[in-house]
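# Provide a 3D model corresponding to the input given below.
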Amino acid sequence: MSQRICTWGGVEGFGCLAMRMTALAATVLVALSSPAIAASDTYRQEGVTLRLVALSPDAEGRVQAALAVDLDPGWKTYWIAPGPVGLAPALNFSASVGLDDPAVSLPVPIRFAEGDAQSVGYDEPVAFAIDAHATSPSPVLRLSALLGVCRELCVPVQASLEAAPSKSLSDRALVARAQSSAPPVAGSLAVASARWNAKGDALLIDAPSVREETSLEAFVSAGDGWSFGPPLLDEKGSKPVLSLPVLSRPSTVAELRSIDILLTIGESAQLSRAVPVASR
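I've put the predicted structure just below:
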């Protein structure tokens, strides 16, 4: 299914994006109410091909798997915290057989402009790493996926995918690529806590010292409705501090208790989960 929402030649800027994503949400509701399609390991739609693979359980019962998101040239998709106008991927594994609840790790994203807004996601093919534990001798990984992909038009992608354990070299290579691109959750870039600035319009975290020429980035996931802009580094105090400006927040604002932060410095990256946010 595809639906042209608006093109850059017609309506420009944030208004175009707001209209585009509102219509995308409506299209998603229609897609979700449609009859289920028989599952396979591959799904092709305008702009993207999805492929799900799973390896045979190892001696400890660990099952490594991957979802390949092969974007066509010029197309983009989104990270778990996509920004004010993007659509975060929704991945449901509840129909799997003989597996515990799989954990998904996404690669380090990039920021890209969409009209007057800025989104977080991917503009090249990527692979999401999946880890699970087998609870039966013959596990089957089943995924109900909903993603948004955009070019001049935005298209909701709804797919039912299924993968039985495989030993093929190509599947092993895909899983290895996904695992190697997933940011680690332990290391020297760990973030221990976050706090609000005086105005309450940015989160602050203590940052490691970096050389002036070293690129630094931070991506924040804080739940539905929250989005944060590129970090600003302040090295004037006794220790460097990253300021993460709020771009959007939920209409009903509850206290933000914790966030996930993906911090990158040069070629290094680390994901810190459930970082506590100090009360204002």
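# Walking through the stretch 1-150 of the chain, point out its helices one by one.
Along the stretch 1-150 of the chain, counting by DSSP state H, counting those that start in this stretch, helices occupy 14-32.
# Okay, now the unreliable bits of the chain?
For the chain, applying pLDDT under 70 flags the ranges 1-39, 209-213, 237-238, 253.
# Residue 156 versus residue 83, what's the distance?
17 Å (CB to CB, to the nearest Å). The C-beta positions use only the backbone N, C-alpha and C, and glycine is treated the same way.
# where along the stretch 151-280 of the chain do the strands fall?
154-163, 165-166, 195-196, 202-206, 216-221, 227-228, 232-234, 241-248, 258-265, 268-276 (DSSP state E, counting those that start in this stretch).
# just the stretch 1-150 of the chain next, same as before
Assignment of strands within the stretch 1-150 of the chain using DSSP E, counting those that start in this stretch yields the ranges 42-45, 48-55, 62-71, 76-78, 90-92, 103-105, 110-114, 117-122, 126-133, 141-150.
# among these, which is nearest residue 269?
strand 103-105 (11.3 Å; CB to CB).
# For the nearest residue to residue 134 once chain neighbours are set aside, give me its contacts.
With CB to CB, 6 or more residues apart in numbering as the criterion, residue 134 has its nearest non-adjacent residue at 4.1 Å, and that residue is residue 57. For residue 57, the contacting residues are 63, 134, 139, 165, by CB atoms under 8 Å, 6 or more residues apart in numbering.
# if we can go back for a sec, include distance to residue 97 and mean neighbour count when you put the strands of the stretch 151-280 of the chain into JSON lines, please.
Converted to JSON lines, the strands of the stretch 151-280 of the chain look like this (distance: least, CB to CB, whole Å; neighbours: other CB atoms under 10 Å):
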{"stretch": "strand 154-163", "distance to residue 97": "10", "mean neighbour count": "22"}
{"stretch": "strand 165-166", "distance to residue 97": "11", "mean neighbour count": "18"}
{"stretch": "strand 195-196", "distance to residue 97": "45", "mean neighbour count": "16"}
{"stretch": "strand 202-206", "distance to residue 97": "41", "mean neighbour count": "20"}
{"stretch": "strand 216-221", "distance to residue 97": "29", "mean neighbour count": "21"}
{"stretch": "strand 227-228", "distance to residue 97": "36", "mean neighbour count": "23"}
{"stretch": "strand 232-234", "distance to residue 97": "48", "mean neighbour count": "13"}
{"stretch": "strand 241-248", "distance to residue 97": "39", "mean neighbour count": "18"}
{"stretch": "strand 258-265", "distance to residue 97": "29", "mean neighbour count": "21"}
{"stretch": "strand 268-276", "distance to residue 97": "28", "mean neighbour count": "16"}
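# Looking at the contacts of residue 57, state which has the most neighbours.
residue 63 (25 neighbours; other CB atoms under 10 Å).
# So the residue lying closest to that one once chain neighbours are set aside versus residue 244, what's the distance?
Nearest residue to residue 63 in three dimensions, chain neighbours excluded: residue 132, at 4.6 Å (CB to CB, 6+ apart). Distance, residue 132 to residue 244, by CB to CB: 32 Å.
# What residues does residue 52 make contact with?
41, 42, 65, 66, 67, 68, 141, 143, 161, 162, 163.
# excluding its backbone neighbours, what's nearest it?
Using CB to CB, 6+ apart, the closest residue to residue 52 is residue 161 (4.0 Å).
# bridging residues for the one you found?
Note on residue 161: beta-bridge partners residue 40, residue 143, judged by DSSP bridges.
# Pull the contacting residues for it.
Contact analysis of residue 161 by CB under 8 Å, 6+ apart lists 39, 40, 41, 42, 43, 50, 51, 52, 67, 142, 143, 145.
# Correct me if wrong: the fifth one contacts residue 147.
If I follow you right, that is residue 43. No. Using CB atoms under 8 Å, residue 43 makes no contact with residue 147, being 10.4 Å away.
# care to break the chain down by domain?
37-146+159-181, 195-276 (automatic domain parsing).
# how near is residue 109 to residue 126?
According to CB to CB, residue 109 stands 9 Å off from residue 126.
# gap between residue 264 and residue 179?
In terms of CB to CB, residue 264 sits 18 Å off from residue 179.
# need the contact list for the closest residue to residue 172 other than its chain neighbours.
Of all residues not flanking residue 172 in the chain, residue 55 sits nearest, at 6.4 Å (CB to CB, 6+ apart). Residues in contact with residue 55 (CB under 8 Å, 6+ apart) are 63, 64, 65, 165, 166, 167, 171, 172, 175.
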